[in-house]
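*Asks:* this one's sequence-less:
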């Protein structure tokens, strides 16, 4: 494996507040990781520099030469131009039309692929985590929004230019709350962590969730998944009810996607699921069982993600490998 | 093309009341077709005999020897075991566990594939009709129920055993009408031709749709797509409103599927769409434009099916060819 043989992969997770670079050997064992802040406010040029530095550092740490890199995969916010490797827009980063693939290929002289971060995370779970060997894996990741992805017969389903599986913007209430996309009643307005936090903040404000109020106040920025989970544990019944309603709505929406795609596994991930895995996964499972067609639900596993924060870098690196295999 | 070279395909459409066999040359030109009644009440054995006879007749008509058959494709009601070629259950036919593939392969000594009839029809539109060259084509066919299918990068999306894309059983009303599947509020209960007929029958019964009442009475068996279209044309405003509501609900549901799959074309087909193409397709288009994510709807064509009754036989034959190419 010495010399110039290209046997190593870099997976990269580019987030709005932090980034992570991980180097893998040919069997996708993690050799080293480097996390740092994104500092998006400094502009695209400096963020690209920081990305390159992070990769250089993680390579140096493992004593791997750049020439040994087989490829780089980057999970990033979107929408993206997947084939051109351009971030078309990333509100979190304040970016428009950043040619990420070109920048990295120039810097490291190896093939770079970009993917939607949710897709990369699901692909990680498919290759190395909760959805291994699935014929069709549907991933749903509730957070500030709701991310979705689908691996079908080994490949991520995608749109013509960017990703697809926007389950968060399926309408679930005819006259619901206003959504960030401009529509009303999208699943995100009912079942995202942000929607849950907003409902919980109201309960806290009204004095119905004293534990939550004490820990996190009524500011949505403070009411995160851990705070919600601790409030439920401490006995804030209205918070539990809010989470149950949201998880049920999520399950009903997933049931619709199950009726379309007939997956053999649904992977649920993200901070909310991690903070209250049994409650959340159980409720989604129950809602799917109640709403999806029996022929599909009986053949379906509903499972929590296994790889946590490593999912995106692992999946991104595996996508780089898949692209290389296809390119051969 | 003479002698024993296998250059011809048979496409078969097995319906609950009628069947159709069509023979194609290697470029999928229709050489001859034979239609006859299914006579499902006579039992599976006799129906299989009638299927074989229909194929023999259509071959005889074209002077093609069985030995020149490259394969047979059959579109049929389901659920099916696609790989084993078994009709697991077909309420319309009164069938359970009929090994259709084996029966035909024994009779004609050539590879036979079976497909869900909606999938076969959509694949026909993909290969030869309204959805040619689509990267991702979503087909929706409202009738007694609502059939759905999706061709993604040249292949029908499918479930592990049978077909998928059961868009008719996505929940669109939390406490809606009872559906044939046992659930409440499925899209079928709102937007199928049968649901429209039931609403129109009520309007006719109440004297609000005099033209429909005169032509078709209040019996759902008589209120078919043509009668609905003629009643609208004759001025039965409540019937038009019922159809508009149903088409809109259909469009909203399709918008959800569009958000998941990002198709480049949605094909609408079946008797209802044929009977009022402009009205129906326009309303579905408007609803998708209003409800789907802009990035997906702006890249989307919504079109009526082009092949009519030939779609299923053409698609089934093309699926036989695809299976043969894969098998090689």
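*Replies:* Received the coordinates, thanks. Keep in mind that this is a model prediction, so the values were computed, not measured.

*Asks:* what residues are up against the residue in the stretch 51-200 of chain A positioned nearest to chain B?
*Replies:* Ranking the residues of the stretch 51-200 of chain A by distance to chain B (C-beta to the nearest C-beta) places residue A:159 first, at 3.3 Å. All C-beta atoms are positioned from the backbone trio N, CA, C, and that covers glycine. Counting by C-beta atoms under 8 Å, 6 or more residues apart in numbering or on different chains, residue A:159 makes contact with B:136, B:262, B:295, B:296, B:299.

*Asks:* Among those residues, name the buried ones.
*Replies:* Those of the contacts of residue A:159 that meet the buried threshold are B:136, B:262, B:295, B:296, by 16 or more other C-beta atoms under 10 Å in any protein chain shown.

*Asks:* among those, which two are most distant?
*Replies:* The two members of the buried ones among the contacts of residue A:159 with the most space between them (C-beta to C-beta) are B:136 and B:295, at 14.2 Å.

*Asks:* Show only the entries of the buried ones among the contacts of residue A:159 found in strands.
*Replies:* Within those, membership in strands is found for residue B:136, as judged by DSSP state E.

*Asks:* Quick check: which of the buried ones among the contacts of residue A:159 are also close to chain A?
*Replies:* With C-beta under 8 Å from any C-beta of the partner chain as the criterion, the buried ones among the contacts of residue A:159 include B:136, B:262, B:295, B:296 near chain A.

*Asks:* Return the set of residues that bridge with the first one.
*Replies:* On DSSP bridges, the residues paired with residue B:136 through beta bridges are residue B:152.

*Asks:* circling back: pick out the lowest-pLDDT one from the buried ones among the contacts of residue A:159.
*Replies:* Least confident of those in the model: residue B:295, at 93.

*Asks:* count of neighbours near the residue nearest to that residue when sequence neighbours are not counted?
*Replies:* The spatial neighbour of residue B:295 that comes closest, neighbours along the chain excluded (C-beta to C-beta, 6 or more residues apart in numbering or on different chains), is residue A:79 at 6.3 Å. Taking other C-beta atoms under 10 Å in any protein chain shown as the criterion, the count of residues near residue A:79 is 17.

*Asks:* what residues does chain A put near chain B?
*Replies:* Contact residues, chain A versus chain B (C-beta under 8 Å from any C-beta): A:79, A:135-136, A:148, A:150, A:152, A:157-162, A:164-167, A:169-171, A:181, A:183, A:252, A:255-257, A:259-262, A:264, A:291, A:293, A:295-296, A:299.

*Asks:* Which of those residues fall in helices?
*Replies:* Cross-referencing those against helices under DSSP state H gives A:252, A:255, A:256, A:257, A:259, A:260, A:261, A:291, A:295, A:296.

*Asks:* so which two of the residues you listed are the farthest from each other?
*Replies:* Pairwise distances across those peak at 17.8 Å for A:252 and A:295 (criterion: C-beta to C-beta).

*Asks:* Isn't residue A:301 up against residue A:267?
*Replies:* No - using C-beta atoms under 8 Å, residue A:301 makes no contact with residue A:267, being 9.0 Å away.

*Asks:* Compare those two and say which is more crowded by neighbours.
*Replies:* When neighbours are counted by other C-beta under 10 Å, residue A:301 and residue A:267 differ, and residue A:267 comes out ahead with 30 against 14.

*Asks:* what about the helices in chain A?
*Replies:* Using DSSP H, helices in chain A cover A:44-61, A:100-108, A:117-128, A:188-191, A:193-205, A:210-216, A:225-233, A:237-261, A:271-275, A:277-291, A:294-297, A:310-327.

*Asks:* Would you mind putting those into CSV with distance to residue A:70 alongside?
*Replies:* Supplementary listing: the helices of chain A in CSV, determined by distance: least, C-beta to C-beta, whole Å:
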stretch, distance to residue A:70
helix A:44-61, 13
helix A:100-108, 11
helix A:117-128, 16
helix A:188-191, 37
helix A:193-205, 36
helix A:210-216, 45
helix A:225-233, 36
helix A:237-261, 32
helix A:271-275, 31
helix A:277-291, 35
helix A:294-297, 38
helix A:310-327, 6
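
*Asks:* looking at those, which is closest to residue B:211?
*Replies:* With distances scored as C-beta to C-beta, the stretch of the helices of chain A nearest to residue B:211 is helix A:237-261 (36.7 Å).

*Asks:* on contacts alone, who are the packing partners of that closest one?
*Replies:* With contacts defined as 3 or more C-beta pairs under 8 Å, 6 or more residues apart in numbering or on different chains; DSSP states H and E, the secondary structure elements packing on helix A:237-261 are strand A:136-142, strand A:146-152, helix A:188-191, helix A:193-205, helix A:225-233, helix A:277-291, helix A:294-297, helix B:237-261.

*Asks:* Single out the most deeply packed of the ones you listed.
*Replies:* strand A:136-142 (a mean of 28; mean count of other C-beta atoms under 10 Å in any protein chain shown).

*Asks:* buried set for stretch A:60-71?
*Replies:* Of the residues in stretch A:60-71, those with enough neighbours to count as buried (16+ other C-beta under 10 Å) are A:64, A:68, A:69, A:70, A:71.

*Asks:* burial of the closest residue to residue A:134 other than its chain neighbours, as a residue count?
*Replies:* Taking C-beta to C-beta, 6+ apart, and ignoring the residues beside it in sequence, residue A:134 has residue A:265 as its nearest neighbour in space, at 4.6 Å. Applying other C-beta under 10 Å, we find 22 residues neighbouring residue A:265.

*Asks:* what's near enough to touch the residue nearest in space to the middle of chain A?
*Replies:* Using C-alpha atoms, centre = their mean, the residue of chain A that lies closest to the mean C-alpha position is residue A:118, 3.1 Å off. With contacts taken as C-beta under 8 Å, 6+ apart, residue A:118 has the following neighbours: A:139, A:141, A:147, A:148, A:149, A:163, A:165.

*Asks:* again, 7 Å this time
*Replies:* Taking C-beta atoms under 7 Å, 6 or more residues apart in numbering or on different chains as the definition of contact, the neighbours of residue A:118 are A:139, A:141, A:147, A:148, A:149.

*Asks:* So what sits opposite residue A:156 in the bridge?
*Replies:* residue A:151.

*Asks:* ok, it to residue A:135 distance?
*Replies:* Distance of residue A:156 to residue A:135, computed by C-beta to C-beta, to the nearest Å: 14 Å.
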